[in-house]
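Chemist: Provided below are the primary sequence and the corresponding predicted coordinates.
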Amino acid sequence: MRIFGLIDGNSFYCSCQRAFEPRLKRRPVVVLSNNDGCAIARTREAKALGIKMGDAWHLARKRPESRPVVWYSSNYALYADMSRRMYQVLAERVPGVEPYSIDEMFLDLSNLPGNLHERCRQLRQDVLDHAKIPTCVGWGPTKTIAKLANGLAKDHAELDGLCDLTDLGIRQDWYRRTSIDEVWGIGRQTTQKLKAMGIETIADFVALDAKTVRQTLTVVGARVQAELRGQSCLPLSDIAATRKSIASTRTFGRLLLKWDEIREAIAHYANRASEKLREEGLEAAHLSVLMQTNPHNGDPWYAKHAAITIEPTSDARDLIRHATELGRAIWLPGYRYFKAGVILSDLCPAGSQGLMFASRDTLQSATVMAVLDAVNARFGNGTLRPGSIGLKRTWSPRQSLLSSRFTTRLEEIVEARSW
């Protein structure tokens with residue numbers, strides 16, 4: 001019998017911060033969005049204080065009940081590396097691992113020897129011991145059931161972080177007690193549509209005639225129902241799907257008026273997007289640039305987007321040149337710009353598109369980029385970079401509460417002391 005599992009890091013961003021600061025173990029911790037805007041991750045202690053997802057930091061921090069909260073700016077370099085460590089622990093212990101998001105991974109738990117419940121308990125412990133991330137694990141005969149089981153394990157303390165939905169009887173009992181909006185793939189609009197039909201629980205949905213589901217919710221809804229009935233429609237993928245696009249967009253740390261500052265920001269975003277391309281062995285043949293003012297502060301509204309088809313490349317120099325030319329064409333003086341970004345699309349494996357009429361030396365381009373990446377891999381990201389992205393980057397997002405990047409910067413590594 002095929003068995004899928006889903007392991008999920010509990011309050012993942014907050015757990016990454018706690019991993020290197022034992023003083024935070026029982027304290028309320030909140031991680032903020034870009035520019036220290038609003039809460040995007042909260043520990044159980046922070047939730048108990050009434051802090052909600054999306055609460056604005058500048059307001060939440062002033063509440064008397066928020067005094068014990070420890071706030072952090074988003075530290076994506078740390079979170080990505082902790083996710084990698086979590087994956088590595090799991091890949092050494094189960095036949096297959098498929099990352100679903102930075103903190104969630106599907107597992108192939110089929111044909112594992114011994115008691116599966118104890119094996120999953122040990123997986124949780126191994127991830128905690130080696131990656132310092134507390135988790136919950138759910139499992140069942142399909143991915144959708146595994147995702148549901150994981151949510152139940154997280155929401156019901158009596159399950160102790162583990163939920164087994166492989167047994168049909170146990171599954172049906174949970175189906176009768178669980179709202180339909182808890183199902184992976186059932187969004188808000190679909191939930192409203194189903195509730196208008198009198199479908200309140202998962203059991204109600206599973207009992208619906210399959211033809212009715214297909215007519216009402218298309219093939220997507222029919223697949224969700226089939227998965228909930230125990231018919232696997234979503235296999236575990238050993239190879240990640242090729243990206244369709246890569247985006248590098250950010251709000252600025254302050255409103256920008258001058259083109260020179262915006263040009264530096266766009267060049268930085270294009271350079272970052274080029275790094276992502278090379279990390280995945282891809283090239284882009286289409287590039288677009290966007291910029292806009294803040295729609296919420298009373299400034300005149302301006303938003304513009306421009307795109308161009310380019311010779312397939314992952315060379316930072318080419319992408320920066322195209323991006324800044326597009327940006328200059330859509331920039332208008334007199335506006336205070338709030339956000340800009342670069343989006344790459346029409347992606348394909350590097351070297352797969354014909355370059356008989358290439359306008360550049362592709363071998364030289366690959367060599368230069370390989371040197372750039374090698375230097376930055378050895379000495380830290382940004383050690384060597386195109387001069388067009390500037391040195392000071394005064395437009396960077398606010399990160400006034402940024403922790404150390406404990407696992408990716410040697411100068412920020414945890415220090416041990418002995419007496």
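Modeler: Here it is on my side, so go on.
Chemist: who are the packing partners of the host helix or strand of residue 6?
Modeler: In this assignment (DSSP states H and E), residue 6 forms part of strand 4-9. Contacts defined by 3 or more Cβ pairs under 8 Å, 6 or more residues apart in numbering; DSSP states H and E place strand 4-9 against helix 76-91, strand 104-108, helix 116-131, strand 135-140, helix 143-155. (C-beta placed from N, C-alpha, C; glycine too.)
Chemist: single out the most deeply packed of those.
Modeler: Among the helices and strands packed on strand 4-9, ranked by average contacts under mean count of other Cβ atoms under 10 Å, first place goes to strand 135-140 (a mean of 26).
Chemist: and it, what does it pack against?
Modeler: Using 3+ Cβ pairs under 8 Å, 6+ apart, strand 135-140 sits against strand 4-9, helix 116-131, helix 143-155, strand 162-164.
Chemist: between these, which one is closest to residue 265.
Modeler: Nearest of those to residue 265, taken as Cβ to Cβ: strand 4-9 at 31.5 Å.
Chemist: can I get the closest one as CSV, trimmed to CA atoms?
Modeler: The C-alpha atoms that make up strand 4-9 are tabulated as CSV, following Å, rounded to 0.1, in the frame of the first residue of the first chain:
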residue,chain,number,x,y,z
PHE,A,4,2.2,9.5,1.8
GLY,A,5,3.4,11.6,4.7
LEU,A,6,3.6,15.4,5.2
ILE,A,7,6.0,16.9,7.7
ASP,A,8,5.6,20.6,8.6
GLY,A,9,7.8,22.9,10.7
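Chemist: before we move on, back to that, of all the helices and strands packed on strand 4-9, which one is nearest residue 370?
Modeler: Closest among the helices and strands packed on strand 4-9, using Cβ to Cβ: helix 76-91, at 21.8 Å.
Chemist: let me see the contact set for residue 130.
Modeler: 85, 89 (Cβ atoms under 8 Å, 6 or more residues apart in numbering).
Chemist: and the pLDDT for it?
Modeler: You'll see residue 130 listed with a pLDDT of 95.
Chemist: before we move on, what about residue 369?
Modeler: We have a pLDDT of 91 for residue 369.
Chemist: give me the number of residues near the residue nearest to residue 281 when sequence neighbours are not counted?
Modeler: In space, residue 281 comes closest to residue 350 once its chain neighbours are excluded; the distance is 5.2 Å by Cβ to Cβ, 6 or more residues apart in numbering. Residues within reach of residue 350, counting by other Cβ atoms under 10 Å, total 17.
Chemist: got phi/psi on residue 350?
Modeler: Recorded main-chain torsions at residue 350 are phi -60, psi 130, according to degrees, to the nearest 10.
Chemist: output the contacting helices and strands for the longest helix along the chain.
Modeler: If you go by DSSP state H, the chain has its longest helix at helix 259-279. On a contact count with 3+ Cβ pairs under 8 Å, 6+ apart, helix 259-279 meets strand 245-256, strand 282-293, helix 316-330, strand 337-349, helix 362-379.
Chemist: okay if I get those as CSV plus distance to residue 150?
Modeler: Shown next, in CSV, are those (distance: least, Cβ to Cβ, whole Å):
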stretch, distance to residue 150
strand 245-256, 28
strand 282-293, 31
helix 316-330, 39
strand 337-349, 31
helix 362-379, 34
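Chemist: in a markdown table, list these along with mean neighbour count and distance to residue 44.
Modeler: Compiled in a markdown table, the helices and strands packed on helix 259-279 are given as follows (neighbours: other Cβ atoms under 10 Å; distance: least, Cβ to Cβ, whole Å):
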| stretch | mean neighbour count | distance to residue 44 |
| --- | --- | --- |
| strand 245-256 | 18 | 29 |
| strand 282-293 | 21 | 37 |
| helix 316-330 | 20 | 43 |
| strand 337-349 | 20 | 33 |
| helix 362-379 | 13 | 37 |
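Chemist: which one, of those, ends up nearest to residue 263?
Modeler: Using Cβ to Cβ, the helices and strands packed on helix 259-279 put helix 316-330 closest to residue 263, at 5.3 Å.
Chemist: the inter-axis angle of the closest one versus strand 282-293?
Modeler: Per axes from the mean of the first three to the mean of the last three Cα atoms, to 10 degrees, the angle that helix 316-330 makes with strand 282-293 is 30 degrees.
Chemist: list the contacts of helix 316-330.
Modeler: For helix 316-330, the external contacting residues (Cβ under 8 Å, 6+ apart) are 259, 262-263, 266-267, 269-271, 273-275, 284, 287-289, 291, 304-308, 310-311, 313, 340, 342, 344, 360, 365, 368-369, 372, 386, 388-389.
Chemist: next, the angle strand 245-256 makes with that helix.
Modeler: 50 degrees.
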